[in-house]
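>>> Got a sequence here, can you model it:
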Amino acid sequence: MNGKIPAYLYEKGNTVKMIVFTAVFALLFINIFQPFGSRAWYPAISDFKYFTFSSLIILTGMLVVVVSRVILAVYSKKNDILYWQYGFWILCEVLAMAVFYSLFSKFVPKEGADRDFMDIFRQSAVNTALVLLLPYAISWLYFSWKEKSLLLANMEQEKTADSHTRTLVAFPDEKGDLKISITLENLLYIESADNYATIFYLNKSRQSRFLLRNSLKWMEENLTKDTPLVRCHRSYIVNMDKVKILKKVKGGIVLELDAENTPDLPVSKTYYESFMHKFSQYTV
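Numbering: from 1, shown residues only. This next block holds a predicted model:
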């Protein structure tokens, strides 16, 4: 109870959503269940007029919540809000609205003059608690779910980015002997020529190359799954994390990499479909 409440409970956008949801809930609650004996106050009016009248009452009553939440927002900028403080704050909102509805029930309808104020207040407190606490609870559950979903999504993105950054790509030769390992963060592209492949990568911020006797087909089959590596041409495999610009030109599509002194890599018709499928995973 002495812990701090999560910030999403008093964040401005969530507060507005909660107030609007509470007002709609209260409007439906009053018109469907007609608490406080409210429908008997005006037996001669139509349902539409009753709906209009109850809407005005609810909007006026919700001003109590609006003022309360503005004060809470100002207070939260300089002070931590503990659970027990937040619970007490809500209790004050319930009592304040109960007093408002009790005064209205006592002095506005003609029938209210004969009713005991404390009886009206007790009934108003119960109904007001239902009107406020149910939508409050639903809102909190939604905000909590949304916050946790966002955190999980961010964690997943960070995990994916981190795995890409730290993953070492092993390059064996045609006999299976390991010749070099390069992190995905530093790998630029691979170019083939006959039975050899030249691996271009960054080493201490400078572009380097390594000649390897192995086929690009083997690398495509063994290195491109679940990685940002994709074959874009019969002579090239590119690291999608290093593609800065995809540009359509007269001859087709070319890729500009985020590294100095690198050539524009073409996307051939043969690999266009598979490349665009991988590319779609890296676009917003």
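>>> Determine the number of other residues adjacent to L223.
Neighbour count for L223, taken as other C-beta atoms under 10 Å: 18. Where C-beta positions appear, they are placed from N, C-alpha and C, glycine not excepted.
>>> Now the residue lying closest to it once chain neighbours are set aside, what are its backbone angles?
Nearest non-adjacent residue to L223, counting by C-beta to C-beta, 6 or more residues apart in numbering: L229, 5.5 Å away. Reported as degrees, to the nearest 10, the phi and psi values for L229 are phi -80, psi 140.
>>> same thing with the one 4 residues further on?
Recorded main-chain torsions at H233 are phi -160, psi 160, according to degrees, to the nearest 10.
>>> what's the pLDDT at R234?
In the prediction, the pLDDT value recorded for R234 is 94.
>>> I'd say it and P266 touch.
No. Counting by C-beta atoms under 8 Å, R234 does not reach P266; the two are 9.9 Å apart.
>>> what about the two, which has more around it?
P266 (17 against 12).
>>> Correct me if wrong: the more buried one contacts H233.
Yes. The pair P266 / H233 is scored as a contact, 5.3 Å apart, by C-beta under 8 Å.
>>> circling back to that earlier point, got a list of what the residue nearest to L223 touches?
V169, L184, L187, M219, L223, I237, V238, N239, M240 (C-beta atoms under 8 Å, 6 or more residues apart in numbering).
>>> which residues does it bridge with?
Under the criterion DSSP bridges, L229 forms beta bridges with N239.
>>> Any stretches of the stretch 51-200 of the chain with poor pLDDT?
Within the stretch 51-200 of the chain, the segments meeting pLDDT under 70 span 109-113, 158-166.
>>> where exactly do the helices run in it?
For the stretch 51-200 of the chain, applying DSSP state H, counting those that start in this stretch gives helices covering 83-107, 117-166.
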